[in-house]
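Novice: starting from these lines, generate the structure:
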Amino acid sequence: MTDPVEASPRRTGPRSVATQYTIGRDKILYGGLLALTAIAYLWGLSKNGYANEYYAAAVQAGSTSWKAWFFGALDASSFITVDKTPAALWAMGLSGRIFGFNTWSMLVPQALMGVASVGFVYVSVRRWFSANAGLLAGAILAMTPVAVLMFRFNNPDALLILLLCAGAWAVTRAIDSEKHAARWMMLAGALVGFGFLTKMLQAFLVLPAFGLAYLVAGKPALGKRVVHSVLALVSLIVSAGWWIAIVELLPASARPYIGGSSTNSILELTLGYNGLGRLSGNETGSVGGGVGNPGWGGATGLQRLFGGEFGSQIAWLLPAALLATIVLVVAAGKAPRTDRTRAFALIWGGWLVVTGLTFSYMQGIIHSYYMIALAPAIGALIGAAMVVLWRRRSEWLPRATLVGGIVLTAGWSFALLNQNSSWHPWLRWVVLLTGVLGAGAVLLLPELGLHKTAARRAGMFAAVLLAVSALAGPTAYSVETISTAHAGALPSAGPSGSGGMGGGPGGGFGGGRQMGTPPGQAGNGTTGNGPAGAVGGGNGGAGGFLGGGGTSGVSSELVTLLQQGAKGYTWAAAAVTANGAAPLQIAAGEPIMAIGGFNGTDPAPSLAEFQGLVAQGKIHYFVGSGGGGFSGGRGGTSNEIATWVAENYEAQTVGNTTIYDLTT
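Specialist: You can find the predicted model right below:
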């Protein structure tokens, strides 16, 4: 809405003031962008079921237990946490408490975070450029395939992107402000700090860009800018560190075991498996990795983001975004230190370059869905640079640059679509043809000397051609993503067969999308095929290890047994690996102990600790092969426990699952 406008005074009677509000074209288009984004992200959301059941189980636990909610525990009895900090689980868990735990209460907050992220990108770009630039930037983010995927999923990335987009907006406001710059920088620090509580050290990849942009372009004197940056750092430390401090200071007996760590330490998880280990490949905890292992993200180098499954997720406009960064820096030229165009290039270009280089060269675990972290910067850079070049298209150098970017984008989109040439083969030719026609129109129109009205119409036609050429490919992949069910630990956007091999936590032994059977539908699920009585010997397959769809493999007989046997026990059952326990817990709605954490490698509990819990009558059943999850551990205490159970208790088969009654 516009600011109030004072009306003209009436001819008779006392002077009156009328408050008049108007809605302009820009606000209508902005509202339309957000509305269409919401429709896209919410449409058919339930088809994804419980998405990544590893996180879904933790959301379920948090919706019934405040302790589990606070620590991010996988089960309501708070035995072990997920291998991430819990901020994303807080949002979904609160929704589950308010509306009851189900697929919609879990996934709708994620979708709304996507809409809010688009909104923050729009207002950030519009503030320094134009509404049209903001619309283009927001639309690019909204229709990036990996963004559509993750804003309809329950991984932590949705909240991370929202917080980082809001942080970039806060830095923009700080650069604009002189009186309140310190407040805006402290807000930016707090937002990035909560990003750390969402996905740990990945949130800090934007810090060089945010800090440099303010130090270079902020309005206050240099000394004050340095002080403000220090205050922002303090704000970041407080917002990120308070939870870490609580977890570290509490005795281990008062909190769950920290999943993904070998020493029950959140600091080890932060600096090791989820931190420096991701860069070096020297990872311990959760699943471990291995330097240069192509199953964990492929060969390192600049080509990583442009090929295979990574390319189809994010690379459609990545070359154009890199060109846009150069355009903005050149456009700023020798402008004053506080020039907004240069500052914008530092914020968003720095975000893109630092994050992109990190993803390209990190030797540890990386998944294709991580690429959502590049999407806001790509949208913002292209939206701003497009307006800069369009306004100066009568000059030969900006026009040539614009034409070169158009041809580059069309050719690259053609190449990406050609990787899956059997899927809508006509689309790649439409992209290429409209790109060539649009480039030709941009190149020739200024030379034709058209009348102002005719030139405006011709310019609109050229703009439509450019939009079709640039956005048709990613939009088509996004539509396919919306219309297809996605579940498991390694989802990917677009049509099946569009990418290469993925890998990482939860498996990654095969690429493409992991599609589970939505709850309540028939399906074989991910049950094991091991012989009855063989603990940890089932052939769970990749699907079970990855999670997703596992609840469909949990028989109704087993659900009934777990629900009836839960009364009086801290855990209705124990199962090896979190991905073995999660489907059971979701299906039965009762706490299930996940032995060994994510895939059975965490040393929790030890054999002696497990024996003690059994002796105290806190665990009713032990689940062996089958049951909707990967039943085998990967060495260590998990196998010791499984062997001890098999040697001391009698196996029985319930539905398709081998179980042991630990009370007999």
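Novice: what's the closest non-adjacent residue to the most centrally placed residue in the chain?
Specialist: Nearest residue to the geometric centre of the chain (Cα atoms, centre = their mean): residue 157, 2.2 Å. Spatial nearest neighbour of residue 157, excluding adjacent residues (Cβ to Cβ, 6 or more residues apart in numbering): residue 150 at 4.6 Å. Any C-beta I mention is one placed from the backbone N, CA and C, and that applies to glycine too.
Novice: confirm for me that that neighbour is in contact with residue 160.
Specialist: No - applying Cβ atoms under 8 Å as the test, residue 150 and residue 160 come out as separate, 9.4 Å apart.
Novice: show me which helix runs longest in the chain.
Specialist: The residue-count maximum for a helix in the chain (DSSP state H) belongs to helix 452-483.
Novice: buried residues, it. List them.
Specialist: By neighbour count with 16 or more other Cβ atoms under 10 Å, helix 452-483 contains the buried residues 459, 462-463, 465-466, 468-482.
Novice: contacts only, for the closest residue in space to residue 102 that isn't next to it in sequence.
Specialist: Spatial nearest neighbour of residue 102, chain neighbours left out: residue 96 (7.8 Å); criterion: Cβ to Cβ, 6+ apart. Going by Cβ atoms under 8 Å, 6 or more residues apart in numbering, residue 96 touches 59, 60, 62, 63, 102, 105, 106.
Novice: show me where the chain dips below the pLDDT cut-off.
Specialist: 1-22, 281-297, 449, 497-549, 625-636 (pLDDT under 70).
Novice: picking up where we left off before, against residue 222, how distant is the residue nearest to the centre of the chain?
Specialist: Distance of residue 157 to residue 222, given as Cβ to Cβ, to the nearest Å: 36 Å.
Novice: quick one: contacts for residue 234?
Specialist: 186, 189 are the contacts of residue 234 under Cβ under 8 Å, 6+ apart.
Novice: let's go with 10 Å and repeat that
Specialist: Going by Cβ atoms under 10 Å, 6 or more residues apart in numbering, residue 234 touches 186, 189, 190, 193.
Novice: cool, residue 197 as well?
Specialist: By Cβ under 10 Å, 6+ apart, the contact list for residue 197 reads 72, 84-88, 90, 156, 159-160, 163, 203, 239-244.
Novice: tell me how many other residues crowd residue 608.
Specialist: Neighbourhood size, residue 608 [other Cβ atoms under 10 Å]: 10.
Novice: that's a helix at it, yeah?
Specialist: Yes - with DSSP: H, G, I helix; E, B strand; the rest coil as the criterion, residue 608 is part of a helix.
Novice: most surrounded residue in the contacts of residue 234?
Specialist: That'd be residue 189 among those, by other Cβ under 10 Å, with 29 neighbours.
Novice: against residue 116, how distant is that one?
Specialist: 19 Å.
Novice: which SS class is the nearest residue to residue 569 once chain neighbours are set aside?
Specialist: Once flanking residues are discounted, residue 569 sits nearest to residue 620: 4.6 Å by Cβ to Cβ, 6+ apart. Recorded secondary structure, residue 620: strand (three-state DSSP).
Novice: run a quick check on the residue nearest to the centre of the chain versus residue 88, I expect a contact.
Specialist: Yes - if you go by Cβ atoms under 10 Å, residue 157 and residue 88 touch, sitting 8.2 Å apart.
Novice: the residue nearest to residue 102: which element?
Specialist: Residue 96 is part of helix 87-99 when elements are defined by DSSP states H and E.
Novice: burial count for residue 267?
Specialist: 14.
Novice: same question, residue 54
Specialist: Residues near residue 54, counting by other Cβ under 10 Å, number 32.
Novice: and whichever helix or strand it is part of, what does it pack onto?
Specialist: For residue 54, the host element (DSSP H and E) is helix 53-62. Secondary-structure packing of helix 53-62 (3 or more Cβ pairs under 10 Å, 6 or more residues apart in numbering; DSSP states H and E): helix 66-71, helix 87-99, helix 103-128, helix 578-588, strand 592-595.
Novice: in the stretch 501-650 of the chain, what residue spans correspond to helices?
Specialist: Under the criterion DSSP state H, counting those that start in this stretch, the stretch 501-650 of the chain carries helices at the ranges 541-546, 556-564, 578-588, 607-615, 637-648.
Novice: so for residue 277, which of these sits nearest?
Specialist: With distances scored as Cβ to Cβ, the stretch of the helices of the stretch 501-650 of the chain nearest to residue 277 is helix 578-588 (19.4 Å).
Novice: for the stretch 251-400 of the chain, which segments count as helices?
Specialist: Going by DSSP H, counting those that start in this stretch, the stretch 251-400 of the chain shows helices at 266-271, 277-280, 308-314, 318-332, 340-344, 350-361, 375-391, 396-418.
Novice: list buried residues within the contacts of residue 197.
Specialist: Burial by neighbour count, 16+ other Cβ under 10 Å: within the contacts of residue 197 this picks out 72, 84-88, 90, 156, 159-160, 163, 203, 239-240, 243-244.
Novice: now do the longest helix of the chain against helix 396-418, angle only.
Specialist: Helix 452-483 and helix 396-418 are oriented at 30 degrees to each other (axes from the mean of the first three to the mean of the last three Cα atoms, to 10 degrees).
Novice: now the angle from helix 452-483 to helix 318-332?
Specialist: 140 degrees.
Novice: mind giving me the packing neighbours of helix 452-483?
Specialist: Checking 3+ Cβ pairs under 10 Å, 6+ apart, helix 452-483 ends up next to helix 25-42, helix 131-142, helix 145-150, helix 308-314, helix 375-391, helix 396-418, helix 425-444.
Novice: run the last query once more with 8 Å
Specialist: helix 131-142, helix 145-150, helix 396-418, helix 425-444 (3 or more Cβ pairs under 8 Å, 6 or more residues apart in numbering; DSSP states H and E).
Novice: that one versus helix 375-391: what angle between them?
Specialist: Going by the same axes, to 10 degrees, helix 452-483 makes 170 degrees with helix 375-391.
Novice: quick one, what contacts residue 480?
Specialist: Shown in contact with residue 480 (Cβ under 8 Å, 6+ apart): 493, 494, 495.
Novice: just the buried members of the residues you listed?
Specialist: Buried members of the contacts of residue 480, counted by 16+ other Cβ under 10 Å: 493, 494, 495.
Novice: and the residues you listed, which is closest to residue 440?
Specialist: Nearest to residue 440 among the buried ones among the contacts of residue 480, with distances taken as Cβ to Cβ, is residue 494, at 29.5 Å.
Novice: correct me if wrong: the closest one contacts residue 312.
Specialist: Yes - Residue 494 lies in contact with residue 312 (Cβ under 8 Å); the separation is 5.2 Å.
Novice: what residues are shared contacts of those two?
Specialist: Shared contacts of residue 494 and residue 312, defined by Cβ under 8 Å, 6+ apart, comprise 145, 420, 477.
Novice: which phi and psi does the residue nearest to residue 495 when sequence neighbours are not counted have?
Specialist: Closest residue to residue 495 in three dimensions, ignoring its sequence neighbours and counting by Cβ to Cβ, 6+ apart: residue 423, at 4.6 Å. Taking degrees, to the nearest 10, you get phi -90, psi 110 for the backbone angles of residue 423.
Novice: OK, contacts around the nearest residue to residue 185 once chain neighbours are set aside?
Specialist: Computed as Cβ to Cβ, 6+ apart, the closest residue to residue 185 that is not its neighbour in sequence is residue 232, at 4.0 Å. Residues near residue 232 by Cβ under 8 Å, 6+ apart: 185, 186, 188, 189, 211, 214.
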